[in-house]
Structures are given as C-alpha cells and as structure tokens.
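Visitor: Sequence first, predicted model second:
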Amino acid sequence: MKRSELRELYIQEADITEHRFAMKHFGTWKDWLSYVASNEAAVTQWRKELELKLRGEAYRVVIETSRYGGKDALQAAKFLLQKGVLSRDGTSEVTEEEVIEQVKKPREQVDNDYLRLIVNSA
C-alpha cells in the first residue's frame, strides 16, 4: 500500500491511540511500531494533521452549542472566547458582558419569533 493511501486511512480512522488503526491495517502493534520507526517524519506529520482535524471538529461542536443555545451555550461561548475564537480582534480579551450578549441574541430571536407567531395567529 502506498504511503499516501495509508495516510488517508490514518486520517479517516481518527484513532488518537493508533491501536485500532494498527490492528486493522498492520495486524499487530509491533508491525505498526516498526513502520513508524522507519517512516517517522511522515507519521509525525499525520499525527499533527489528525490533531488539527480533531480540534477543528471539536471547535465546530462547541461553536454550534454556543450558537443555538441550550443549557451549555454560556459555557461554550466562554470557552470559545477564552481561546480567542469568538473575539472580534482574535484575542481572548473579551468582557463577560460580551459573552452574555452573544449567548442572549439567539434566545431573544426565538422569543421575538414566538411572540410574532402568537400575535399573528390571534
């Protein structure tokens, strides 16, 4: 199997322990470690790419949670703001009022839509 094909499988598998991937594609952990030893630079790059992919997916989930409310919206928004993901200038210097404002906006929109529907249906 070509290295590029193996890389694709590695990223698709998204197995941070590498054990499932090793057993599935190499048969044994020892064979995987042997491959890693002889292709260290490539595997190091795969690991970095996988980490980025998983972080991106995790951020997406947290962003969705912060956008669409629910009981975890405030915590999700605070996390993203602390990481500088939602701040206006790319820093984590955001006030608590800005966090609350970002979380309240979707809720206010739902409330306004609900009132509009009630008034229009009467």
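Guide: Yep, that arrived. Numbers count the residues shown, from 1 in each chain.

Visitor: tally of neighbours for the nearest residue to E51 once chain neighbours are set aside?
Guide: What sits nearest to E51 in space, not counting adjacent residues and going by CB to CB, 6 or more residues apart in numbering, is I16, at 7.9 Å. All C-beta atoms are positioned from the backbone trio N, CA, C, and that covers glycine. By other CB atoms under 10 Å, the residues close to I16 number 12.

Visitor: Give the helix, strand or coil label for I16.
Guide: coil (DSSP: H, G, I helix; E, B strand; the rest coil).

Visitor: same thing with L74?
Guide: helix.

Visitor: What pLDDT is listed against it?
Guide: L74 is assigned 70 on the pLDDT scale.

Visitor: which ones are touching E64?
Guide: Not one residue lies near E64 by CB atoms under 8 Å, 6 or more residues apart in numbering.

Visitor: Which secondary structure element is home to L50?
Guide: For L50, the enclosing helix or strand under DSSP states H and E is helix 40-67.

Visitor: So for that helix, mean pLDDT?
Guide: 85.

Visitor: re the thing from before, can you give me every residue that contacts the residue nearest to E51?
Guide: L50, E51, L54 are the contacts of I16 under CB under 8 Å, 6+ apart.

Visitor: Over to it: give its phi and psi.
Guide: phi -70, psi -20 (degrees, to the nearest 10).

Visitor: can you check A14 too?
Guide: With angles defined as degrees, to the nearest 10, A14 sits at phi 50, psi 50.

Visitor: so what pLDDT did it get?
Guide: At A14, the pLDDT recorded in the model is 91.

Visitor: Let me see the backbone angles for the closest residue to D15 other than its chain neighbours.
Guide: Once flanking residues are discounted, D15 sits nearest to F21: 4.5 Å by CB to CB, 6+ apart. Dihedral pair for F21: phi -60, psi -50, per degrees, to the nearest 10.

Visitor: F21 touches W32, doesn't it?
Guide: Yes. Using CB atoms under 8 Å, F21 is in contact with W32, at 7.5 Å.

Visitor: hmm, back to that, any idea how far K48 is from the residue nearest to E51?
Guide: The gap separating I16 from K48 is 12 Å, by CB to CB, to the nearest Å.
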